[in-house]
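# Output the structure for:
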Amino acid sequence: MRKTNKRAVFLVFAAAFLFLIPAASFSISNATDVVISQTQEKSKFVYEPPAVITRGGALDALMKAEEEIDEMKSYNLSTTFMEDIIYKAKASYIGNDAKLIEADLKAEEDIAKRLYMQLLLNLAKEMPAADAQPLDYSEVFRLTQIITYRKNQAYNIIDMISLIGDKEKQLSARLDTEKAAGYLALARESFKSERYEDAEDYLTKADASLSEGMLGYNRFKGMLKLSGSILTNYWWQVILTLVVIAAITPKVAKRMRRERAKRKLESLKIELATIKELMKKAQEECFKQRTITVDTYRVKSEQYRGRMTEIEHSIPVLEVIVHGEKKKKAKAEKLGILEIKEGEGEEEI
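Below is the predicted model:
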């Protein structure tokens, strides 16, 4: 029994030793605070304080944030900014007196929490005086929420880069996508440098550029077809040109609307197919490969389903515009819908 207890104690202290990294090389400088402040000004992050703020809850939030940073590191993602935030969060938890941590260590039985407390105690002893922060559990929750927000933001950007990148490749065979490709390259570079808000802006511009290019392509193609038809069939009717233009203007407008809807429909179908592939990939990573957590999978899954719902609601509307009323009437005939016409009573379509 004594031998077993000795072995357990040895394992605990050995693990603690591995975690105890000297903190003297770290420093919360004014420059770091400025970077955090400027980043938050550009982001959409909103702090949601918990209903009850406790010391134990703050410790759990710190440990969860550490796991999220480690998860991102496992994907070879840069976490420099996050590490600055977690360091400041630890300083806010420690405060100006390490005696609270020493008391917590004596009372805590959970091994994982004891190891983490030992890490915090070591940090408290090695932390430069300039880095010390007032004891503030609310600040701990705020900073750890920033880490969670940034992690989800990073995963969302990865998916957006994949989605818009696939769309750019498919459309490059039909139109000039050089501008969109340039924005994609800037987005990847911004993401690599942890400038997530800039990356999102570039991705929005890339997607808009692809949509504009597709619209111009379809407009040009439609106008060529239309002008060819006019030259072939109506060149000898010069005298009636004005009459013909007046007659066909509504049809041209309807065709343009249909072409725009066709372009949008095609783009949405490409996006829908890509999202479905990303969902399959996330499922495999979570349940087969186990390279992402269930929480991360749920966040991704909710984002995918939300966008799929939007697309699935838009597609039927666009199909009606593209195919006209014929498809709608054919469906009505299948269902045996009765149409009431004025002065004619009821008549089955």
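# Got the domain ranges for the chain?
If you go by automatic domain parsing, the domain ranges for the chain are 2-152, 237-333.
# Please produce JSON lines containing the ones you listed, extended by mean neighbour count.
C-beta: built from backbone N, CA, C; applies to glycine. As requested, the domains of the chain are arranged in JSON lines below (neighbours: other CB atoms under 10 Å):
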{"stretch": "domain 2-152", "mean neighbour count": "15"}
{"stretch": "domain 237-333", "mean neighbour count": "14"}
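# right, and the ones you listed - which one's nearest Lys169?
Distance to Lys169, taken as CB to CB, is lowest for domain 237-333 among those, at 10.2 Å.
# Quick check: mean pLDDT of the closest one?
Taken as a whole, domain 237-333 carries a mean pLDDT of 81.
# related to what we said a few turns ago, would you mind giving the domains of the chain as TSV with distance to Leu210 added?
As requested, these are arranged in TSV below (distance: least, CB to CB, whole Å):
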stretch	distance to Leu210
domain 2-152	24
domain 237-333	8
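# The ones you listed: which one's closest to Gly165?
Comparing these against Gly165 with CB to CB, the closest turns out to be domain 237-333 (9.3 Å).
# Spatially nearest residue to the residue minimising distance to the centre of the chain, not counting backbone neighbours?
What sits nearest the mean C-alpha location of the chain, by CA atoms, centre = their mean, is Asn156, with 2.0 Å. Computed as CB to CB, 6 or more residues apart in numbering, the closest residue to Asn156 that is not its neighbour in sequence is Gln303, at 6.3 Å.
# Hmm, that neighbour is touching Ile158, no?
No. Under the criterion of CB atoms under 8 Å, Gln303 is not in contact with Ile158, lying 11.4 Å apart.
# among the domains of the chain, which is nearest Ser162?
Using CB to CB as the measure, domain 237-333 is the one of the domains of the chain that comes nearest Ser162, at 6.6 Å.
# Identify the residue spatially nearest to Ala261, adjacent ones excluded.
For Ala261, the closest residue by CB to CB, 6+ apart turns out to be Ile321, at 3.9 Å.
# in which helix or strand would I find that neighbour?
Element membership for Ile321, per DSSP states H and E: helix 294-323.
# could you say what helices and strands that helix packs with?
Applying 3 or more CB pairs under 8 Å, 6 or more residues apart in numbering; DSSP states H and E, one finds that helix 294-323 makes contact with helix 137-171, helix 241-283, helix 325-335.
# Distance from the chain centre to it, please.
14 Å (CA atoms, centre = their mean, to the nearest Å).
# Report the angle between it and helix 137-171.
Taking axes from the mean of the first three to the mean of the last three CA atoms, to 10 degrees, one finds that helix 294-323 is oriented at 40 degrees with respect to helix 137-171.
# how far out from the middle of the chain is stretch 70-77?
Centroid separation for stretch 70-77 versus its chain: 17 Å, with CA atoms, centre = their mean.
# Outside of it itself, list whatever touches it.
Counting by CB atoms under 8 Å, 6 or more residues apart in numbering, stretch 70-77 makes contact with 79, 82, 151, 154, 291-293, 296, all of which sit outside it.
# Pull the most distant pair out of those.
Based on CB to CB, the longest span within these runs between Met82 and Thr291 and measures 19.0 Å.
# what helix or strand does the closest residue to Ile86 other than its chain neighbours sit in?
Nearest-residue entry for Ile86: Ala65, 5.6 Å, with adjacent residues in sequence omitted and distances by CB to CB, 6+ apart. Using DSSP H and E, Ala65 sits within helix 55-74.
# coming back round to it: and the gap between the residue nearest to Ala261 and Ser314?
If you measure Ile321 against Ser314 using CB to CB, to the nearest Å, the figure is 11 Å.
# ok, back up a step: can you tell me which of the domains of the chain is nearest to Thr204?
When those are compared for distance to Thr204 using CB to CB, the nearest one is domain 2-152, at 13.2 Å.
# Return the distance of that closest one from the chain's centre.
The answer for domain 2-152 is 26 Å, by CA atoms, centre = their mean.
# Report the mean confidence score over it.
In this model, domain 2-152 carries a mean pLDDT of 80.
# Next: stretch 168-185.
Within the predicted structure, the mean pLDDT of stretch 168-185 is 88.
# tell me the contacts of Ile164?
Ile164 sits next to 180, 184, 203, 206-207, 210 when contact means CB under 8 Å, 6+ apart.
# rerun that using 6 Å as the cut-off
With contacts defined as CB atoms under 6 Å, 6 or more residues apart in numbering, Ile164 is in contact with 203, 206-207.
# go on, Cys286?
Applying CB under 6 Å, 6+ apart to Cys286 gives the contacts 292, 297.
# any idea how far Val294 is from it?
Cys286 sits 6 Å away from Val294 when distances are taken as CB to CB.
# looking at it, Ile53 is touching Glu139, isn't it?
No. Under the criterion of CB atoms under 6 Å, Ile53 makes no contact with Glu139, lying 10.2 Å away.
# Skipping its backbone neighbours, what lies nearest Asn152 in space?
The spatial neighbour of Asn152 that comes closest, neighbours along the chain excluded (CB to CB, 6+ apart), is Val299 at 5.4 Å.
# ok, which stretches of the stretch 1-150 of the chain are helices?
Secondary structure of the stretch 1-150 of the chain by DSSP state H, counting those that start in this stretch: the helices cover 2-19, 30-42, 55-74, 80-94, 99-107, 111-126, 137-171.
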